[in-house]
Every structure is written in structure tokens, then in C-alpha cells.
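K.L.:
What follows is a protein structure lacking sequence information:
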């Protein structure tokens with residue numbers, strides 16, 4: 001297959017992008033890939049690709065690199081290992097992790113899977129906390145809205161229990 005950029009050399013690099021379910025593929029030669037900033041000679045870690053961190057290590061200023069205060073992992077080490085060192089790394093590198101996690105999971109908050117009844121219970125608890133916070137901040141309009149939503153959630157919860165839904 002010929003390169004889709006120069007239409008002369010044999011394509012040896014394949015790019016595939018999926019955005020909102022639409023797949024776009026591009027076949028290019030090594031020369032065109034290099035001209036467009038993709039170094040095909042050096043191995044690229046998956047984290048480098050996902051984080052858009054194609055900058056070679058020697059171009060980074062080591063004195064400006066963040067380090068986790070708990071495990072002393074640096075961003076460079078994370079790039080090489082593709083794993084964080086401890087739970088605090090998520091906090092330390094949050095600025096770099098947030099866009100990637102959002103792109104991968106469509107959210108930056110882990111919700112996991114749970115039975116429907118437990119999900120409703122957790123929503124009720126979260127809504128109660130939000131309402132209490134609104135009251136403590138004296139945002140009574142917001143508190144009233146949250147109270148109404150809370151009543152609806154509780155009604156749904158009672159309906160679910162009466163229906164005998166054992167999930």
C-alpha cells in the first residue's frame with residue numbers, strides 16, 4: 001500500500017483513530033511520519049502515546065519534574081513503568097492524569113458497578129450530603145431543589161422495595 005501523504009513510498013506506519021464511534025485510518029511511510037513529528041525509530045510507551053508526551057526524556061528539565069512525596073516516583077519513572085507507585089501518585093500527578101482518565105473512561109470519578117438498589121441508596125446518601133452542605137452555606141434555594149430530588153429518590157427506593165426487586 002502506498003503512503004497516503006506522499007503517494008510514492010510504501011506505507012509502513014498505520015495510524016488508527018476512533019472519535020465518537022467514527023474510525024479514521026491513515027497509512028504513511030516512515031519519512032512522512034517523521035516529517036509530521038512521529039519518531040518511528042524510538043519505541044514509544046503506551047503512556048507516552050496516551051498522555052501526548054512524545055517529548056524525548058533529554059528535552060525535559062529534570063529539576064522541574066514532579067515527584068510523589070510518599071514513594072518518590074517521578075513523572076519520568078511513571079512514563080517508563082506505565083504504573084504509579086502509590087495511591088498518593090494520583091494526587092501528585094493529577095494534572096497530567098485527569099485528561100487521560102477522562103478520555104479513557106468518559107469521567108474522572110470512578111463509580112464502579114453495583115446492584116440497582118445499592119446505587120439508589122448511594123445516590124440518596126450523596127444527595128443528603130449535598131443538601132446539608134447547601135444548608136450550611138446558607139444556599140437555601142439549592143437546598144430546596146436538592147430536598148425535592150431527595151424526596152423523589154426516596155420514593156423510588158420505597159417503590160423498588162415494595163415491588164420485591166431482589167437483584
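P.N.:
Right, received. Where do you want to start? Here the structure is a predicted model, which is why all the values come from computation and not from measurement. Residues are numbered from 1 along each chain as shown.
K.L.:
Run the chain-centre distance for stretch 3-17.
P.N.:
In terms of C-alpha atoms, centre = their mean, to the nearest Å, the centre of stretch 3-17 is found 30 Å from the chain centre.
K.L.:
For that stretch, buried residues please.
P.N.:
Under the neighbour-count criterion of 16 or more other C-beta atoms under 10 Å, stretch 3-17 has 3, 5, 11, 13 buried. Quick note: C-beta positions are derived from backbone N, CA and C, even for glycine.
K.L.:
which of these sit farthest apart?
P.N.:
Spanning the widest gap among the buried residues of stretch 3-17 are 5 and 13, at 10.2 Å by C-beta to C-beta.
K.L.:
Now list whatever residues contact both of those two.
P.N.:
Counting by C-beta atoms under 8 Å, 6 or more residues apart in numbering, the shared contacts of residue 5 and residue 13 are 28, 29.
K.L.:
in the protein, which spans are strands?
P.N.:
Secondary structure of the chain (DSSP state E): strands at 13-19, 22-28.
K.L.:
Which stretch among these approaches residue 79 most closely?
P.N.:
Closest approach to residue 79 among the strands of the chain (C-beta to C-beta): strand 13-19, 21.0 Å.
K.L.:
Which neighbouring elements make contact with the closest one?
P.N.:
Helices and strands touching strand 13-19, by 3 or more C-beta pairs under 8 Å, 6 or more residues apart in numbering; DSSP states H and E, are strand 22-28.
K.L.:
any idea how far residue 94 is from the residue nearest to the spatial centre of the chain?
P.N.:
Residue closest to the mean C-alpha point of the chain, counted by C-alpha atoms, centre = their mean, is residue 101 at 1.1 Å. Distance of residue 101 to residue 94, computed by C-beta to C-beta, to the nearest Å: 9 Å.
K.L.:
Likewise for residue 85?
P.N.:
Counting by C-beta to C-beta, the gap from residue 85 to residue 94 is 14 Å.
K.L.:
neighbour-wise, which of those two wins?
P.N.:
Set side by side, residue 85 and residue 94 show more neighbours around residue 85, with 16 against 11, by other C-beta atoms under 10 Å.
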